[in-house]
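> With the input below, show me the fold.
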Amino acid sequence: MAIYLLNFISIPIYDLLIKNKKRLVFIIALQMFLILSLRADTLGVDLDNYKQFYEFYRTLSFGEIMRGFRLIGGSAHDFGVESGYVLFNWVIGKMGFSFHSFLVIYAAIVVTSVSVFIYRYCDNAALGFATFISLGAFVSFFGILRQSLALAIFLLAIPALEKRKFWKYLALVVVAGLFHQSLFLAIALYFIAKFKANKTLYSIFIGASLLLVVATPLFYNKLIFPILVKLGRYYYLNDFEWNNMFAVMLVMAVFFMFFFKNREREDNSMQCGFLMALPLQALAFYIPVFSRLASAVFFNFICVLLPNTIFRLETRSQRLQANTVAYIGLFAFYLYTMIGSVLVPYVPFWAV
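Here you go, the predicted model:
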């Protein structure tokens, strides 16, 4: 566990020592990239399956890849993996790279995308990275390859969202959906972001999410499940099971509703994106897979909202105190989530 904790602890130290934002982001991003890319090929959820996918897809011809290409649902080839991810595997594989080299390229893509996102929108980049790491998104990079690549592409679409360029935004979201079709839900964000993220909108999303917790068993099998079946996903309704992350999201939603200060259009987009995580996490009380989508994609807007809320406090003393409390709270939460994690202990690729 030491390498994960040291990675987090180093971030506020870098924040104190490095005043240039671009240099700060580069150092933190490089450290995250090295940790992610130098891990063993087996360190991560489902990596054995991903390796099997990679070795299979690299043997196919381009014609076979394209004949199996599907815009919605899994590729026509085995495994039911989205066509964009299949094509990505094929391109890297045909270049002669090993599976570990594939993971290195993957790590470079996802870490760069997140780092650019934080650099562009986060007033306090160091706290943005700390938030991203502590709430589980960085951990998901170790094993949830398709959804992480989809997130990386989706983050590139945020400038088009804030500038209200629908077709550019739609094109990038569709590409993201070709890596994990759950990202097609992000199309809705363009229309939700037309509304002002005020207390009324927060109240609507919070209320709807709480209602979903109660009402999901009444409509899931008749409304949502048939749609998932058409997409090749068979997620059956489970018995109710408490979800801690929903409580975290709910608390943060109430906090932002009262304390976040809108300044620019992207502030509104970030808040609406974050609010989309609430109903998805509510569904996770019965279908755990929705938690992955909520936490690994839409909850990441908190990486901008939390640091910017603190950065916009009136006095330097207030900012320093809030920053300290945020780092301590995030570290405690990170420590809690890492205990019992499949990523402990860290295994570098040369130790296998």
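
> The host helix or strand of F219: which residues count as buried?
Assigned by DSSP states H and E, F219 falls within helix 199-219. Counting neighbours by 16 or more other C-beta atoms under 10 Å, one finds that the buried residues in helix 199-219 are L201, Y202, F205, I206, S209, L212, V213, T216. Bear in mind the C-beta positions are built from the backbone N, C-alpha and C, glycine included.

> Tell me the one of these nearest S10?
For these, the closest approach to S10 (C-beta to C-beta) belongs to Y202, at 34.3 Å.

> Show me what the helix holding F219 is in contact with.
Under the contact criterion C-beta atoms under 8 Å, 6 or more residues apart in numbering, helix 199-219 has outside partners 195, 237, 240, 246, 250, 253-254, 256-258, 272, 275, 278-279, 281-283, 285-286.

> One more: stretch 269-279?
The contact list for stretch 269-279 (C-beta under 8 Å, 6+ apart) reads 121, 158, 161-162, 185-186, 188-189, 192-193, 195, 197, 201-202, 205-206, 208-209, 212, 246, 249-250, 252-253, 256, 260, 262, 294-295, 297-299, 301-302, 304-305.

> Using PyMOL, define a selection of the buried residues within the contacts of helix 199-219.
To isolate the buried members of those in PyMOL, using 16+ other C-beta under 10 Å:
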select buried, resi 246+250+253+256+257+272+275+278+279+281+282+283+285+286
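
> Filter the contacts of helix 199-219 down to the ones in helices?
Of the positions in the contacts of helix 199-219, 246, 250, 253-254, 256-258, 272, 275, 278-279, 281-283 sit in helices, assigned by DSSP state H.

> okay if I get these as CSV plus pLDDT?
Below are these laid out as CSV (pLDDT from 0 to 100):
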residue, pLDDT
F246, 94
L250, 95
A253, 95
V254, 95
F256, 93
M257, 92
F258, 90
C272, 95
L275, 96
L278, 96
P279, 95
Q281, 95
A282, 95
L283, 93
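
> which of these sit farthest apart?
The widest separation within the ones in helices among the contacts of helix 199-219, taken as C-beta to C-beta, falls between F258 and L283 and amounts to 25.9 Å.

> so how far is the worst-scoring helix or strand of the chain on mean pLDDT from its chain's centroid?
The helix or strand of the chain with the lowest confidence, counting by mean pLDDT, DSSP states H and E, is helix 225-230 at a mean of 80. Mean C-alpha position of helix 225-230 versus that of the full chain (C-alpha atoms, centre = their mean, to the nearest Å) differs by 23 Å.

> Against which helices or strands is it packed?
Here helix 225-230 touches no other helix or strand, going by 3 or more C-beta pairs under 8 Å, 6 or more residues apart in numbering; DSSP states H and E.

> Which positions in it come out as buried?
Along helix 225-230, these residues count as buried under the neighbour rule (16+ other C-beta under 10 Å): F225.

> what sits up against that helix?
Residues outside helix 225-230 that contact it (C-beta under 8 Å, 6+ apart) are G73, Y234, Y235, Y236, L237.

> ok, now how distant is the fourth one from S317?
I take that to be Y236. 53 Å (C-beta to C-beta, to the nearest Å).

> repeat for the third one
Computed with C-beta to C-beta, the distance linking Y235 and S317 is 49 Å.

> got it, and the second one?
Computed with C-beta to C-beta, the distance linking Y234 and S317 is 55 Å.

> still on that earlier bit, and the contacts of helix 225-230, which two are the farthest apart?
The most widely separated members of these are G73 and L237, with 21.4 Å between them, by C-beta to C-beta.

> Give me the more crowded residue out of Y235 and S317.
Summary of the neighbour comparison: Y235 and S317, criterion other C-beta atoms under 10 Å, with Y235 having more neighbours (16 against 9).

> so what's the backbone phi/psi at that one?
Note on Y235: backbone dihedrals following degrees, to the nearest 10 are phi -100, psi 100.

> Show the contacting residues for it.
Residues counted as contacts of Y235 (C-beta under 8 Å, 6+ apart) are F225, L228, I287, V289.

> Export those as a markdown table, with columns for distance to Y4.
As requested, the contacts of Y235 are exported to a markdown table (distance: C-beta to C-beta, whole Å):
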| residue | distance to Y4 |
| --- | --- |
| F225 | 37 |
| L228 | 33 |
| I287 | 28 |
| V289 | 24 |
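
> with the residues you listed in mind, which one is nearest to R23?
Scanning the contacts of Y235 for proximity to R23, where the rule is C-beta to C-beta, the winner is V289, at 39.1 Å.

> Alright, that wraps it up for me.
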